[in-house]
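K.L.:
Output the structure for:
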Amino acid sequence: MLAFPLSAKHTLGSHRGALFLRCLVCQLVCFALLAGCASPWNNPYPPREKVQNIFYAAFDERPKHLDPAVSYVENEFTFIGQIYEPPLQYHFLKRPYELIPLTATEEPRPIYLAESGEQLPSDPGTAVIAYSVYRITIRPGILYQPHPAFARDAQGRYLYHHLEEPDLEGVHSLAGFKETNTRELTAHDYVFQIKRFGHPKLHSPIAGLMGEYIVGLKELAARLVEEDKLLRVKDGAQAFLDLSRFDLEGARVIDRYTYEIKLKGKYPQFRYWLAMPFFAPMPWEADRFYSQPSLRDRNITLDWYPVGTGPYMLTENDPNRRMVLKRNPNFRGESYPSEGNPGDRERGLLADAGQTMPFIDKAVYSREGETIPYWTKFLQGYYDTSGINSDSFDQAIQFDARGQPHVTGDLRRKGLKLLIAVRPSIWFMGFNMRDEVVGGNSERARTLRRAVSIALDYEEFISIFANGRGIPAQGPIPPGIFGHKEGAAGINPNVYEWVDNRPRRRSLGEARALMAEAGYSGGRDGSTGQGLVLHFDTALTGPEAKARLDWLRKQFSKLGVQLDIRATDFNRFQDKTRKGTVQIFEWGWNADYPDPENFLFLLYGPNATVDSQGENHVNYQNPEFDTLFTRVKNMDDGPRRQAIIDQMVEILRRDAPWAWGWHDVRYILHHAWYKNAVPHLMADNTLKYKRIDPKLRASSCTQWNRPILWPIGLIGVALVLGVVPGYLSHRRKESAAAP
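P.N.:
This is a model prediction of the structure:
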């Protein structure tokens, strides 16, 4: 065993102690340097992305369908709207909403034909119009994104249209294919997509509606069902229903860049459908490519990997974690608008006028299942925009003396800005018009419904349950839609009066007087003496639902009426509305397109849910209203149409099949580095207009997320203070023991 002289031990102990102290000092210095550097340790993105031109957002529900013939959900339109291009789009800035060309050279004007095929004057009476023809010419030179469906060999044969299982060894996603290619967009692609509405495997949600209008589509759908059965018998799993083999009278190619859509009768709202992804083009090569069973088994489908001509393409699809859009390298470019609404220039919304879009290189959407983590990351700067939920509303918004909303001081100092937009929607309480008590056209029932409409204090509801984000409805048509009237001319006189230049709900005393007039004085049936009990069906559940339902009970109790809550799951609730076994219920509607017909049809008699499974869930039928609806639905906007709409709205206000509820107002926050922030509640393809200042975002995130290191330093000091006395004591003992 090796022995040290005593002096050597002392020297070694001293050296170790000094080394330990130096290590502690070095650690403290490192922490100090880290604190000075203040690099965000909580950044959820790779460091290389710090100053890249990337848009960051979140989603909560995983998209199920990315096929434009099938998708009809807002969270899916977030992605497919950036990828697919229908012929028309909405102007980004102008309000009211205005259609403009996208891939089309101009907005098509319908040509009207008589039954004989003879062309009619430009404004004939609706009764003589047998067909409307929309001729659409698209711009040449538009290319699809790179995609393996277009890849060919030297002989021009498609590389991946006849794949066998061995060909797919190691291929688990679209990125597994080595070769890609592109081709030019043609009119055939738009016609091909319309035929897909009738494909028996797709179950397009608009197939039924379009089958009523597009000539021959219903018949084509029936034929495709039979053809598909024959192919299955012949080819089994390899069966491919090639839609190119079938003609459709209502959608035909004129030349390489021109096609026609032929409709039955007059349907002016069809122009809005031409701005929706349903009418985006679909190349037959993609349909053929994705039809292969070997790809379907790997979940390589059109629902998972879309293919379009738009400014972005989906490069990462992990719907449980994140979705990524990147610039389409083949996109032709598009100019930012040069005009907008009054005040847009002053707000900086025309600073990019004429510049080539898209501005953003990449968009990363992360899935956030909970609102609190999403809100926290937004405040940290890791998401560029955010809505405002009820839990964070007081932290984000304060109201001034005039009741106007503003961003709170803390958020305003961080540069956050607030956008406000009225959604083209309505929430209402419906009375089942086939119910023996609240339904029917008797004066007694109408008076009862009017009394309830007055008693339902939606101003209070909006304040309590929507944080003030709503407007009490005066009828079925929301603000921003043709037919809606503002001011004194737009109030519902049966429920409101105009006082001090604003609508004021009629008094509870008037509501109680109406109850007595209806035979329910004090909430008791005058003929039986029994208290009136009304039944409210709902699918609401949870703590917030209890508060809302308690509020509803309180509103009815003001009239002496007992409200019986009948809560079920949503499927059961829907079943009861379909069968007409509900009495009172709540419902909402958000417009597909900005036209009054999209709201008035909710009360059109032939659309009654019980009779036709239509969207008239209260089963309201009024022959006068129905006659006016058939006149107004296909009219062009103008004074004549407005006059008829006014008559229809007054009929509805008198009959009160709905308690008119409220229109939702959306509040959106965004950071200072997010430019061209405009709420557009009709368009889905708005990412291309947005601009990011990544340097401002990076510096802000660094400033807002500095690591808090003083606790670590404090622990280090405590360690030093705890170790040094022991070390000094050890030194003294060693010194005392030395010779």
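K.L.:
Is Ala127 located within a helix, as I assumed?
P.N.:
Yes: under DSSP: H, G, I helix; E, B strand; the rest coil, Ala127 sits within a helix.
K.L.:
That one and Leu314, how far apart?
P.N.:
Relative to Leu314, Ala127 is positioned 47 Å away (Cβ to Cβ, to the nearest Å). (Glycine included, C-beta is placed from N, CA and C.)
K.L.:
More neighbours: these two, which one.
P.N.:
Legend: neighbour count by other Cβ atoms under 10 Å for Ala127 and Leu314, higher for Leu314 (22 against 8).
K.L.:
Tell me what the more buried one is bridged to.
P.N.:
Leu325 (DSSP bridges).
K.L.:
cool, and Val253?
P.N.:
Tyr259.
K.L.:
can you pull the pLDDT of it?
P.N.:
Predicted confidence (pLDDT) at Val253: the value is 98.
K.L.:
Would you mind confirming that it is in contact with Ala187?
P.N.:
Yes: at 4.9 Å, Val253 counts as touching Ala187 under the criterion of Cβ atoms under 8 Å.
K.L.:
Show me which of the two is the more surrounded one.
P.N.:
The neighbour comparison of Val253 against Ala187 (other Cβ under 10 Å) goes to Ala187, with 21 against 16.
K.L.:
And the more buried one, how close does it get to Lys579?
P.N.:
46 Å.
K.L.:
before we move on, what about Thr371?
P.N.:
36 Å.
K.L.:
Comparing these two, which residue is more hemmed in?
P.N.:
Counted by other Cβ under 10 Å, Thr371 and Lys579 do not tie: Thr371 has more neighbours, with 17 against 10.
K.L.:
hang on, isn't the more buried one packed against Ser386?
P.N.:
No: the pair Thr371 / Ser386 is not scored as a contact, 9.6 Å apart, by Cβ under 8 Å.
K.L.:
Identify the contacts common to those two.
P.N.:
With Cβ atoms under 8 Å, 6 or more residues apart in numbering applied, the contact sets of Thr371 and Ser386 do not overlap.
K.L.:
which residues touch Lys633?
P.N.:
Contacts for Lys633 (Cβ under 8 Å, 6+ apart) come out as Gln269, Glu597, Leu600, Phe601.
K.L.:
Now for the residues you listed, which sits with the most neighbours around it?
P.N.:
Sorting the contacts of Lys633 by how many neighbours each has (other Cβ under 10 Å) puts Glu597 first, at 24 neighbours.
K.L.:
Kindly state the pLDDT recorded for that one?
P.N.:
pLDDT recorded at Glu597 is 95.
K.L.:
How about the one 4 residues further on?
P.N.:
According to the prediction, Phe601 has pLDDT 94.
K.L.:
now it, nearest residue through space, not along the chain?
P.N.:
Nearest residue to Phe601 in three dimensions, chain neighbours excluded: Asn607, at 5.9 Å (Cβ to Cβ, 6 or more residues apart in numbering).
K.L.:
burial measure for the one you found, as a count.
P.N.:
Neighbours of Asn607 (other Cβ under 10 Å): 20.
K.L.:
Could you measure from it over to Leu202?
P.N.:
Asn607 is 25 Å from Leu202, where distance means Cβ to Cβ.
K.L.:
And the pLDDT for the closest residue to Ala488 other than its chain neighbours?
P.N.:
Closest residue to Ala488 apart from its sequence neighbours, by Cβ to Cβ, 6+ apart: Trp498 at 4.3 Å. At Trp498, the predicted lDDT confidence score is 96.
K.L.:
ok, now the one 4 residues further on?
P.N.:
Among the per-residue scores, Arg502 shows a pLDDT of 93.
K.L.:
repeat for the one 3 residues further on
P.N.:
Note for Arg505: predicted pLDDT of 97.
K.L.:
How about Pro739?
P.N.:
With respect to pLDDT, Pro739 scores 55.
K.L.:
how's the protein carved up into domains?
P.N.:
The chain breaks down by automatic domain parsing into domains covering 6-38+707-737, 65-311, 425-666.
K.L.:
Could you point out which of these sits nearest Ala396?
P.N.:
domain 425-666 (9.5 Å; Cβ to Cβ).
K.L.:
Any idea how far apart the tips of that closest one sit?
P.N.:
11 Å (Cα to Cα, to the nearest Å).
K.L.:
and if you look at stretch 160-171?
P.N.:
Terminal residues of stretch 160-171 are spaced 12 Å apart (Cα to Cα).
K.L.:
got the buried residues for that stretch?
P.N.:
Of the residues in stretch 160-171, Tyr160, His161, Leu163, Leu168, Val171 count as buried by neighbour count, 16 or more other Cβ atoms under 10 Å.
K.L.:
same question, stretch 258-266
P.N.:
Going by neighbour count (16+ other Cβ under 10 Å), the buried part of stretch 258-266 is Tyr259, Glu260, Ile261, Lys262, Leu263, Lys264, Lys266.
K.L.:
could you give the mean pLDDT of it?
P.N.:
On average, stretch 258-266 scores 97.
K.L.:
Settle this for me: Lys83 is touching Gly308, isn't it.
P.N.:
One thing to correct before we go on: residue 83 is Ile, not Lys. Yes: contact criterion Cβ under 8 Å: Ile83 and Gly308 qualify, at 4.0 Å.
K.L.:
Which one's more surrounded, those two?
P.N.:
Set side by side, Ile83 and Gly308 show more neighbours around Gly308, with 27 against 23, by other Cβ under 10 Å.
K.L.:
how close does Asp189 get to Thr137?
P.N.:
14 Å.
K.L.:
got a list of what Ala451 touches?
P.N.:
Ala511, Arg512, Leu514, Met515, Ala518, Leu559.
K.L.:
out of the residues you listed, who has the most neighbours?
P.N.:
Neighbour counts for those, by other Cβ under 10 Å, peak at Met515, which reaches 25 neighbours.
K.L.:
sorry, back to before: can you lay out the buried residues of stretch 258-266 as CSV showing secondary structure?
P.N.:
Output for these, formatted as CSV (three-state DSSP):
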residue, secondary structure
Tyr259, strand
Glu260, strand
Ile261, strand
Lys262, strand
Leu263, strand
Lys264, strand
Lys266, coil
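K.L.:
how about the helices in the stretch 101-250 of the chain?
P.N.:
187-196, 207-213, 217-235 (DSSP state H, counting those that start in this stretch).
K.L.:
just checking, what packs against the longest one?
P.N.:
Helices and strands touching helix 217-235, as assessed by 3 or more Cβ pairs under 8 Å, 6 or more residues apart in numbering; DSSP states H and E, comprise helix 207-213.
K.L.:
Now do the buried residues in the helix it packs on.
P.N.:
Under 16+ other Cβ under 10 Å, the buried positions of helix 207-213 are Ala207, Met210, Gly211, Tyr213.
K.L.:
would you list these in a markdown table and tack on pLDDT?
P.N.:
Output for these, formatted as a markdown table (pLDDT from 0 to 100):
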| residue | pLDDT |
| --- | --- |
| Ala207 | 92 |
| Met210 | 95 |
| Gly211 | 94 |
| Tyr213 | 96 |
